[in-house]
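K.L.:
Here is my input, please return the structure:
(one chain, ligands or ions: 1)
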Amino acid sequence: MPAASVYLDHNATSPLRPEAFDAMVEALRVGGNPSAVHGVGRKARGLVDRARRQVANRIGSLPAEVIFTSGGTEANNMALAGTGRRRVLISSIEHESVQRAVPEADIVPVDGDGVIDLAALERKLAASDEPALVSVMFANNETGVLQPMAEVVRLARRAGALVHCDAVQAAGKVPVDLHGVGVDYLALAAHKLGGPTGVGALVVRAGAPFASNRFGGGQETNRRAGTENLSGIVGFGAAAEAAGGLDSTLRDRAEAALLAIGPGARVFGARARRLPNTTYISIPGVAAETQVMALDLAGVCVSAGSACSSGKVHRSAVLAAMGVEDAAAGSAIRISFGWNSQSGDIDRLIAAWRDLYIRVSKSDIADAKAA
Ligand SMILES: Cc1ncc(COP(=O)(O)O)c(C=O)c1O
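P.N.:
So this is what the prediction gives:
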């Protein structure tokens, strides 16, 4: 019997945590509409309220600041549309759900390690008196590089700007504290921390301006209309409570081993502070697609940069923004660990990658002989 797959693609979607699964089954049994006044409705409402507290606890907000959405994309879209600010500054490595929501945004560059250029942010903020919105992600989905959010907030505040932060990849992996950091809007997605897909949250700091563009039944205190995704929200709450953070032991071991096998291998963002679970590594000479397929055949799931809905692999805009040359970017794979990763997973990854590397080296030698 083939061994079960080793799943090292938690930044795409982390498998459902058992706590979330159990809570969702409980919610599915309750059913009902949380807005209904009868007993079943009140029970459903109680479950949504509990989930709201669990999510709020994970990110240091008040429960009333949490607005449940259909995921990180909707949370980012709603935030960027809802602040009333027309002048928007975003970093050059934001997720498409930010970039494409504000196509006219002024882009703040990042350095070679993928960290926002704070001096450029300061200059751009000073260039106009029009009140701005600054959008910077907490951690990048491809490199895992953490952004200096406290500094971003400090510069933004000094210029009277509001701050939106896409914390989709950070929450549950590293501490995230809405009020501690001082951001105004924070986006979350349940499936990145072991909850279900199709549910997330926009967290709006009490007092921050916010006008919703969702109209309907007045749910989520008029900020996101539509009957709540009861089981999804409940699973999100349970996962958020269980997701107390990750450490970098497995990632560091894998990274050291891969760097030792492939001469010329390099880790993007290696000098920056990074999420403890992510390595974005380039092994020169082997196309990322080839690596992903070869590892998949060996039962190891990783990805080539960011996943996208078509299943096609595009050159990474994040690596381009970091100034990485095409040859290195074309052979970059992302390996991301998570709550159920184990030491044996690393052994399988290393063995599969070593096999691939030996095969590629042999065919290179054969090609050289034939030439
Ligand atoms: C940084 C970041 N923001 C936003 C999203 C979008 O989240 P969702 O797929 O839940 O809409 C993702 C998903 O990959 C992400 O990595």
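K.L.:
switch to C-alpha atoms for all contacts and neighbour counts from now on
P.N.:
Will do.
K.L.:
Return the residues in contact with the most centrally placed residue in the chain.
P.N.:
Nearest to the geometric centre of the chain sits Q169, at 2.5 Å (CA atoms, centre = their mean). For Q169, the contact set (CA atoms under 8 Å, 6 or more residues apart in numbering) comprises 11, 138-141, 144, 188, 192.
K.L.:
Could you do M78 as well?
P.N.:
Counted by CA under 8 Å, 6+ apart, M78 has contacts 202, 212-213.
K.L.:
If we use 7 Å, what do you get?
P.N.:
Contact analysis of M78 by CA atoms under 7 Å, 6 or more residues apart in numbering lists S212.
K.L.:
just A132 next, same as before
P.N.:
A132 neighbours (CA under 7 Å, 6+ apart): 85, 87-88, 161-162.
K.L.:
What about those, which are in helices?
P.N.:
Using DSSP state H, no member of the contacts of A132 falls in helices.
K.L.:
Tell me the one of the residues you listed nearest the ligand?
P.N.:
V88 (17.3 Å; CA to the nearest ligand atom).
K.L.:
Give me the secondary structure label for the residue nearest to the centre of the chain.
P.N.:
Following DSSP: H, G, I helix; E, B strand; the rest coil, we place Q169 in the coil state.
K.L.:
hang on, Q54 packs against A239?
P.N.:
No. With contact defined as CA atoms under 7 Å, Q54 does not count as touching A239 (8.7 Å).
K.L.:
State which helix of the protein is the longest.
P.N.:
Assignment by DSSP H gives helix 343-370 as the longest helix of the chain.
K.L.:
Tell me the helix or strand right after the helix or strand hosting A327.
P.N.:
When elements are assigned from DSSP states H and E, A327 belongs to helix 326-329. For helix 326-329, the following helix or strand on the C-terminal side (DSSP H and E) is strand 332-336.
K.L.:
mind listing what's buried in that next one?
P.N.:
332-336 (16 or more other CA atoms under 10 Å).
K.L.:
State the distance from V102 to the ligand.
P.N.:
The spacing between V102 and the ligand, counted by CA to the nearest ligand atom, to the nearest Å, is 14 Å.
K.L.:
again with G84
P.N.:
In terms of CA to the nearest ligand atom, G84 sits 21 Å off from the ligand.
K.L.:
go on, S135?
P.N.:
Applying CA to the nearest ligand atom to S135 and the ligand gives a distance of 12 Å.
K.L.:
picking up where we left off before, of Q54 and A239, who's got more company?
P.N.:
A count of neighbours by other CA atoms under 10 Å puts A239 above the other of Q54 and A239, at 30 against 20.
K.L.:
what's the following helix or strand after whatever helix or strand the more buried one lives in?
P.N.:
Assigned by DSSP H and E, A239 belongs to helix 230-242. Next helix or strand after helix 230-242 toward the C-terminus (DSSP H and E): helix 249-261.
K.L.:
What is that next one packed up against?
P.N.:
Packing partners of helix 249-261 (3 or more CA pairs under 7 Å, 6 or more residues apart in numbering; DSSP states H and E): strand 278-282, helix 343-370.
K.L.:
Same list (those) but as TSV, adding distance to the ligand, mean pLDDT and mean neighbour count.
P.N.:
Shown next, in TSV, are those (distance: least, CA to the nearest ligand atom, whole Å; pLDDT from 0 to 100; neighbours: other CA atoms under 10 Å):
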stretch	distance to the ligand	mean pLDDT	mean neighbour count
strand 278-282	12	96	26
helix 343-370	23	81	14
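K.L.:
quick one, which of these is nearest to K173?
P.N.:
strand 278-282 (10.3 Å; CA to CA).
K.L.:
next one: the closest one to chain centre, how far?
P.N.:
15 Å (CA atoms, centre = their mean, to the nearest Å).
K.L.:
Also stretch 327-346?
P.N.:
15 Å.
K.L.:
Okay, buried residues for the strand or helix carrying A81 please.
P.N.:
Assigned by DSSP H and E, A81 falls within helix 72-82. Under the neighbour-count criterion of 16+ other CA under 10 Å, helix 72-82 has 72-81 buried.
K.L.:
overlap between these and the residues near the ligand?
P.N.:
72-73 (CA under 6 Å from any ligand atom).
K.L.:
interface residues of the stretch 1-150 of the chain facing the ligand?
P.N.:
When proximity is defined as CA under 6 Å from any ligand atom, the stretch 1-150 of the chain approaches the ligand at 12, 71-73, 95, 97, 140-141.
K.L.:
Just the buried ones out of the contacts of Q169, please.
P.N.:
Using 16+ other CA under 10 Å as the burial test, those include 11, 138-141, 144, 188, 192 as buried.
K.L.:
how about V318, what does it touch?
P.N.:
I93.
K.L.:
let me fix that: V6
P.N.:
Going by CA under 7 Å, 6+ apart, the list of residues near V6 reads 299-301, 345.
K.L.:
One more: D117?
P.N.:
108-111.
K.L.:
now the helices: where do they sit in the stretch 101-250 of the chain?
P.N.:
118-126, 149-158, 178-181, 219-222, 230-242, 249-261 (DSSP state H, counting those that start in this stretch).
K.L.:
Take these and write them to a markdown table, including mean pLDDT.
P.N.:
Output for the helices of the stretch 101-250 of the chain, formatted as a markdown table (pLDDT from 0 to 100):
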| stretch | mean pLDDT |
| --- | --- |
| helix 118-126 | 98 |
| helix 149-158 | 98 |
| helix 178-181 | 96 |
| helix 219-222 | 95 |
| helix 230-242 | 98 |
| helix 249-261 | 94 |
